[in-house]
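Visitor: what follows is a protein structure lacking sequence information:
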């Protein structure tokens, strides 16, 4: 069985979150969605459960982190530098906000954004040769 990950995020408006994440090219699994939660399908093994804050509170023993704080950084791999840039642009064009400046190294490239609820998303592309240790990046040897 392939491991899957379900990222659960509290949101103010499930419908707005559905619209935001589908604008990035992701789909919604309606079987696991209702008016208080949407199951965003990022890949066949990655899902983001956007939940109304009151529903999210029912799953947690701790209070939801207040606005302006960071409890988790979500990082999603991309197929290319271009995909990183495309997803950042789509996010910003559809209600997301800028977060950190782009990062550009020989073997790695990244961008980031915040979704409409302030959840931080990092996007990165890594040279497969560097990822598997086939090439020693200059920056790592300095």
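Guide: Cool, got the structure. Given the structure is predicted, the values throughout are model-derived calculations rather than measurements.

Visitor: from here on, just use CA atoms for contacts and neighbour counts.
Guide: Fine.

Visitor: mind listing the residues bridging to the most centrally placed residue in the chain?
Guide: Geometric centre of the chain, nearest residue: residue 121, 4.2 Å, by Cα atoms, centre = their mean. For residue 121, the beta-bridge assignment (DSSP bridges) gives partners residue 74, residue 113.

Visitor: OK, contacts around residue 55?
Guide: 36-37 (Cα atoms under 8 Å, 6 or more residues apart in numbering).

Visitor: break down this structure into its strands, ranges please.
Guide: For the chain, applying DSSP state E gives strands covering 5-11, 27-34, 37-43, 46-52, 73-77, 97-98, 103-104, 108-114, 120-126.

Visitor: low-confidence ranges, the protein, go.
Guide: For the chain, applying pLDDT under 70 flags the ranges 131, 133-142.

Visitor: kindly list the longest helix within it.
Guide: helix 81-93 (DSSP state H).

Visitor: same for it, what does it pack against?
Guide: helix 14-23, strand 108-114, strand 120-126 (3 or more Cα pairs under 8 Å, 6 or more residues apart in numbering; DSSP states H and E).

Visitor: in a markdown table: those, plus distance to residue 94.
Guide: Converted to a markdown table, these look like this (distance: least, Cα to Cα, whole Å):
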| stretch | distance to residue 94 |
| --- | --- |
| helix 14-23 | 6 |
| strand 108-114 | 11 |
| strand 120-126 | 14 |
